[in-house]
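Asker: sequence and predicted structure, then a few things I'm wondering about:
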Amino acid sequence: MRIDNEGMRRVLNRYIQQQCEMARVKDSRDDKSCAKKSEEETQSDRVTLSDQALQLRQALKELEAAAEARQEKVESIRKDLESGRYEVTGAMVAKKLLKP
């Protein structure tokens with residue numbers, strides 16, 4: 001999942017709106033002051049990621065890199081098949097089947 005600045009800003013704005021709605025219901029405050037406050041808070045809010053989130057982001061990057069490398073291998077084999085240069089022996093198949 002990719003979260004960019006615009007997406008995060010929309011999520012934060014929606015969260016602030018919900019908090020304002022809850023406060024308005026609870027305290028019967030003026031909605032205009034709350035909306036104005038939400039704009040100011042959006043500019044100064046910060047998001048920090050937990051260690052787990054950072055590890056997940058790193059794992060996703062590595063997975064994407066592996067998928068890209070795998071795609072290159074698939075393309076290489078496809079070209080070899082089309083040109084007739086790809087050869088597989090029975091020993092190669094047996095080795096792969098018996099590999100844990």
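Answerer: Cool, got the structure.
Asker: point out where this structure drops to low pLDDT.
Answerer: Within the chain, the segments meeting pLDDT under 70 span 1-5, 7-8, 26-44.
Asker: where's the one helix or strand residue 57 maps to relative to the chain centroid, distance-wise?
Answerer: Per DSSP states H and E, residue 57 falls inside helix 51-83. Relative to the centre of its chain, helix 51-83 is centred 15 Å away, using C-alpha atoms, centre = their mean, to the nearest Å.
Asker: what does stretch 48-56 give?
Answerer: 12 Å.
Asker: next structured bit after the helix holding residue 57?
Answerer: Counting by DSSP H and E, what follows helix 51-83 is helix 90-98.
Asker: report the distance from that next one to the chain centre.
Answerer: How far helix 90-98 lies from its chain's middle: 37 Å, per C-alpha atoms, centre = their mean.
Asker: restricting to C-alpha, output it in CSV.
Answerer: This file holds the C-alpha atoms of helix 90-98, laid out as CSV (Å, rounded to 0.1, in the frame of the first residue of the first chain):
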residue,chain,number,x,y,z
GLY,A,90,15.8,-34.6,-17.1
ALA,A,91,18.5,-34.2,-14.5
MET,A,92,17.7,-30.5,-14.1
VAL,A,93,14.0,-31.3,-13.7
ALA,A,94,14.7,-34.1,-11.1
LYS,A,95,17.1,-31.8,-9.2
LYS,A,96,14.4,-29.1,-8.9
LEU,A,97,11.7,-31.6,-7.9
LEU,A,98,13.9,-33.1,-5.1
